[in-house]
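Next come a sequence and a model predicted from it.
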Amino acid sequence: MDVGVHLPLADLGQGLPGGAELRAYTATAAGLGFTTVSANDHLVWHRPWLDGPTALASVAGSAAGMTLATSIALPAVRHPVVLAKAIASLAVLSDGPVIAGLGPGSSPDDYRAVGVPFDERWARFDEGLRLVRALLRGEPTSGGRYYPAEGIRLDPLPPTAPQVWFGSWGSDVRLRRMAAAADGWFASAYNTTPEGFAGARTRLDEHLAAAGRDPATFPDAVATAWMYVTHDADEAAHVLERVLAPLLGRDPHGLAAQLPVGSPEHCIDLLAAYAAAGAQRILLWPVHDPARQLALFAEEVRPSLPA
């Protein structure tokens, strides 16, 4: 199982990192052998949140060839052409691969901020994903219902087009559409379990086969895996009950079964279960003390994970 990291873009009680801190965090992750650095996307949130694509661009020079990924970015909020231009530029400037992880997002506040009706998010997303993918590949574009983008070509484009992945919690409709239009899948750690992931991946593979695609060549990742390694049970309970549960609107007991928060043994067992369920990559988001948590994970958890 590959292991990557999220940029710690949200204030979870310790303030927001500055640019130097984000670059140091990324360099630490690269030095410890993490394979991917990713950024999530909100324009507005109930806690301070740095802009994801901007933050990702700011650390590109510290990534030492790691894959850069949006996990996810919102074409219906940012506009597909604007987002495709940002991702294409990131790929031109980057020393490593770039993944354009796209999704509609789940927050009405982001849509309200830009005057886009939230109930149009899926229709706009489906059209936007196709447009972003065509623009990044230099393919002909055609006008749609929401985005009259006929005949647009971005310049420059990177020598290798970024893959376009789809972020989904695993509904059957979305899995079917993903199989037809995307290059990979970002699942959500705090919205699934290893068992739930395995079931969704099985259904995705069926849709891929029906679309004439080889499931074995379709990559996936479990994203937004909030992580905190500690030998102190009380400290783990505090992170789950006082930080993550109110932040995510979830039951802390359910989160304990979904997220690598707790002892190294708990983290090993959970991530091994995801690997056994077929997850190829997991993206960790340290809740507090990000660089220290990456070092703890690399020392006490990763050596016991499946290769």
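All right, it came through fine.

CA only for contacts and neighbour counts going forward, please
Will do.

if you go through this protein in chain order, where are the helices?
Ranges of helices within the chain are 19-31, 52-58, 75-78, 80-93, 108-114, 121-137, 172-181, 194-210, 233-238, 245-248, 252-258, 264-276, 290-300, based on DSSP state H.

Compare these and give me the one nearest residue 166.
In terms of C-alpha to C-alpha, the element of the helices of the chain nearest to residue 166 is helix 172-181, at 6.5 Å.

Return the set of buried residues in that closest one.
174-179, 181 (16 or more other C-alpha atoms under 10 Å).

Test my guess that residue 152 contacts residue 143.
No - no contact is recorded between residue 152 and residue 143 when judged using C-alpha atoms under 8 Å, the distance being 9.7 Å.

So between the two, which is more surrounded?
For residue 152 against residue 143, the residue with the higher neighbour count under other C-alpha atoms under 10 Å is residue 152, and the figures read 17 against 13.

Could you check how far that one is from residue 127?
Separation of residue 152 from residue 127 (C-alpha to C-alpha, to the nearest Å) stands at 15 Å.

who touches the strand ranked longest in the chain?
Secondary structure assigned by DSSP state E gives strand 220-229 as the longest strand of the chain. Surrounding strand 220-229, the residues in contact under the criterion C-alpha atoms under 8 Å, 6 or more residues apart in numbering are 6, 71, 184-190, 236, 239, 259-264, 267, 279-288, 293, 296-297.

who's in contact with stretch 93-111?
For stretch 93-111, contacts defined as C-alpha under 8 Å, 6+ apart pick out 42-45, 60-61, 64-77, 87, 90-91, 117-118, 121-122, 125, 129, 162-168, 186.

nearest residue to residue 175 other than its sequence neighbours?
Distances taken as C-alpha to C-alpha, 6 or more residues apart in numbering place residue 204 nearest to residue 175, at 5.5 Å, with adjacent residues excluded.

quick one: the one you found from residue 279, how far?
From residue 204 to residue 279 the distance is 13 Å (C-alpha to C-alpha).
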